[in-house]
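S.K.: Okay, predicted coordinates and the sequence, questions at the end:
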2 protein chains.
Amino acid sequence: MARPRKFDEERAVDAAMHAFRTAGYEATSTQDLCEATGLGRSSIYNTFKSKHDLFERALDRYMGERNGELFALMESDLPVREKIRTHLERVVEEECGGKGDRQGCLVVNTAVEVSARDEQVAGELARDYRLRLEVIRAALASGQRDGDIAADKDVTALAHLIIAAVGGLRVSARCGADRRALGGVVEGVMAAL
Amino acid sequence: MARPRKFDEERAVDAAMHAFRTAGYEATSTQDLCEATGLGRSSIYNTFKSKHDLFERALDRYMGERNGELFALMESDLPVREKIRTHLERVVEEECGGKGDRQGCLVVNTAVEVSARDEQVAGELARDYRLRLEVIRAALASGQRDGDIAADKDVTALAHLIIAAVGGLRVSARCGADRRALGGVVEGVMAAL
DNA sequence: TTCGTTTTGGACTGGTCAATACATAACACC
DNA sequence: GGTGTTATGTATTGACCAGTCCAAAACGAA
């Protein structure tokens, strides 16, 4: 009944996500988004309300992908310590893994760059945090029942610790810490479980 | 021999630092810097080469102030565990302490927002990281000689862990984690020492 | 084919960006 | 008081910003 789109909306969000991850929110212009997605301005503004709206779509997508991986890992049948170790080592690998990619974690970047000035985004980040917390907490609680985690440990506190460790690894990597240093951090966190 | 300045350069850097901390590098315009410092554009560009130059001055100043506090704490005669705990709790207090201040850590903000696209800044961050690492490592080594830290611990790895913990606390706080959650993180890190 | 609807490209909006130019003001020194 | 030098205020630069407008294009349905 009308002219159909000749692009895939999800693909566009994906390309925008890539752009935001590499340059951050402020430093990514709408022109950059046009080039990243291959779309014209009209298509972008016809599909998304604004740069901010597209950003939120990209952030949602990023969270969805990442949490999918996290949930799959936490629901796997690895021993709980291996789940946690794998989670942390994936972060190290991503931050240090060469290839010049260098695109950061959109959640960490957003928390630092925009959350303080954007309540809506801050709300999304908080929601996402609670989600991650609960999944990790559940895995730890299950491990506690198996005897892999000492019974006197507070698994909620440990889950907070693991989430903080991820953020800390990313920030340290951005400050120039190398793979060996980050590996040591992972060991230190594992020792606290 | 010529017209003297009627403002204090260090004061101006301090005001700029405040502006950059609250809004980040990209989102702080030169106009914002004029308003924050109370100077005209001419004075700013006459004193500093560029926005980027002023930012680096502000970053340097921030690092100097913060490291001064850190060094004083690490050279105090508290037991080493108390030094570390105090260091971490200051971060929690700063991130959670109400007052609506809400200005973040310029080092963490910069590491996340600009280091990937600015080699010079990345170099400064790396230098600063090494400085903090060494001071904390020395304090831990001293504590190890006193028997406050187990002899089989790798104090360099622990120092990396503590630095990462600071970054992690700040990121988690930005994601909405409350004081209690962050307090638990501090306990978890202390348990690893 | 024709019509109705939507997408698309590209020009365009007012506003803001970092940075500069230039004239004037304010001082130290003589 | 005059002179040289620097600081400052204001206007302005060209580039870019996010977002809008509109005409033309492309399709489904009739």
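M.R.: Received it, and whenever you're ready, just let me know what you need.
S.K.: Next, the buried residues of the longest helix belonging to chain A.
M.R.: Assignment by DSSP state H gives helix A:119-146 as the longest helix of chain A. In terms of neighbour count (16 or more other Cβ atoms under 10 Å in any protein chain shown), helix A:119-146 has its buried residues at A:121-122, A:124-126, A:128-129, A:132-133, A:135-137, A:139-144. C-beta coordinates here come from the backbone N, C-alpha and C atoms, glycine included.
S.K.: Check the offset of stretch A:21-40 from the chain's centre.
M.R.: 19 Å (Cα atoms, centre = their mean, to the nearest Å).
S.K.: Do it and DNA strand D come into contact?
M.R.: Yes: counting by Cβ under 7 Å from any atom of the strand, DNA strand D is contacted by stretch A:21-40 at A:28-32.
S.K.: out of those, which are buried?
M.R.: Neighbour-count burial (16+ other Cβ under 10 Å) applied to the residues of stretch A:21-40 next to DNA strand D gives A:28, A:32.
S.K.: so which of the residues of stretch A:21-40 next to DNA strand D comes closest to residue B:169?
M.R.: The shortest approach to residue B:169 among those belongs to residue A:28, at 27.6 Å (Cβ to Cβ).
S.K.: Look up the closest residue to residue A:22, ignoring the ones flanking it.
M.R.: Distances taken as Cβ to Cβ, 6 or more residues apart in numbering or on different chains put residue A:103 closest to residue A:22, at 4.6 Å, once the chain neighbours are dropped.
S.K.: What is the neighbour count of the one you found?
M.R.: A count of nearby residues for residue A:103, using other Cβ atoms under 10 Å in any protein chain shown, gives 15.
S.K.: sec struct for it, please.
M.R.: Per DSSP: H, G, I helix; E, B strand; the rest coil, the secondary structure class of residue A:103 is coil.
S.K.: Show me which residues of chain A are close to DNA strand C?
M.R.: Taking Cβ under 7 Å from any atom of the strand, the part of chain A that reaches DNA strand C is made up of A:1-7, A:39-43, A:46-47.
S.K.: circling back: how far away is the residue nearest to residue A:22 from DNA strand D?
M.R.: Distance, residue A:103 to DNA strand D, using Cβ to the nearest atom of the strand, to the nearest Å: 18 Å.
S.K.: mind listing what that residue touches?
M.R.: A:18, A:21-22 (Cβ atoms under 8 Å, 6 or more residues apart in numbering or on different chains).
S.K.: And residue A:142, by the same measure?
M.R.: residue A:80.
S.K.: Residue A:128 too?
M.R.: Residue A:128 touches A:63, A:67, A:107, B:175, counting by Cβ under 8 Å, 6+ apart.
S.K.: The helix or strand harbouring residue A:71 and DNA strand D, are they touching?
M.R.: If you go by DSSP states H and E, residue A:71 is part of helix A:51-74. Yes: using Cβ under 7 Å from any atom of the strand, helix A:51-74 reaches DNA strand D at A:51-52.
S.K.: Run the contact check for the helix or strand that comes right after that helix versus chain B.
M.R.: Next in sequence after helix A:51-74, counting helices and strands by DSSP H and E, comes helix A:80-96. No: applying Cβ under 8 Å from any Cβ of the partner chain, one finds helix A:80-96 separated from chain B by no less than 10.6 Å.
S.K.: I'd like the average pLDDT over helix A:80-96.
M.R.: Helix A:80-96 shows a mean pLDDT of 97.
S.K.: any idea of the angle the following helix or strand past that helix forms with helix A:80-96?
M.R.: Proceeding N to C from helix A:80-96, the next assigned helix or strand is helix A:106-113, under DSSP H and E. Following axes from the mean of the first three to the mean of the last three Cα atoms, to 10 degrees, one obtains 70 degrees for the angle between helix A:106-113 and helix A:80-96.
S.K.: what would the contacts of residue A:103 look like in JSON lines with pLDDT and neighbour count?
M.R.: JSON lines is the format used below for those (pLDDT from 0 to 100; neighbours: other Cβ atoms under 10 Å in any protein chain shown):
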{"residue": "A:18", "pLDDT": "97", "neighbour count": "17"}
{"residue": "A:21", "pLDDT": "97", "neighbour count": "20"}
{"residue": "A:22", "pLDDT": "96", "neighbour count": "18"}
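S.K.: Dump the residues you listed into TSV; add secondary structure as well.
M.R.: Formatted as TSV, the contacts of residue A:103 follow (three-state DSSP):
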residue	secondary structure
A:18	helix
A:21	helix
A:22	helix
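S.K.: low-confidence ranges in chain A?
M.R.: Scanning chain A for pLDDT under 70 picks out A:99-100.
S.K.: Assess the claim that residue A:121 and residue A:110 are in contact.
M.R.: Yes: counting by Cβ atoms under 8 Å, residue A:121 touches residue A:110, with 6.2 Å between them.
S.K.: So for these two, which residues contact both of them?
M.R.: Residues touching both residue A:121 and residue A:110 (Cβ under 8 Å, 6+ apart) are residue A:59.
S.K.: So residue A:27: helix, strand or coil?
M.R.: Residue A:27 is classified as coil under three-state DSSP.
S.K.: on that earlier part again, tell me the one among the contacts of residue A:103 nearest to chain B.
M.R.: Taking Cβ to the nearest Cβ as the measure, chain B lies nearest residue A:22 of the contacts of residue A:103, at 7.6 Å.
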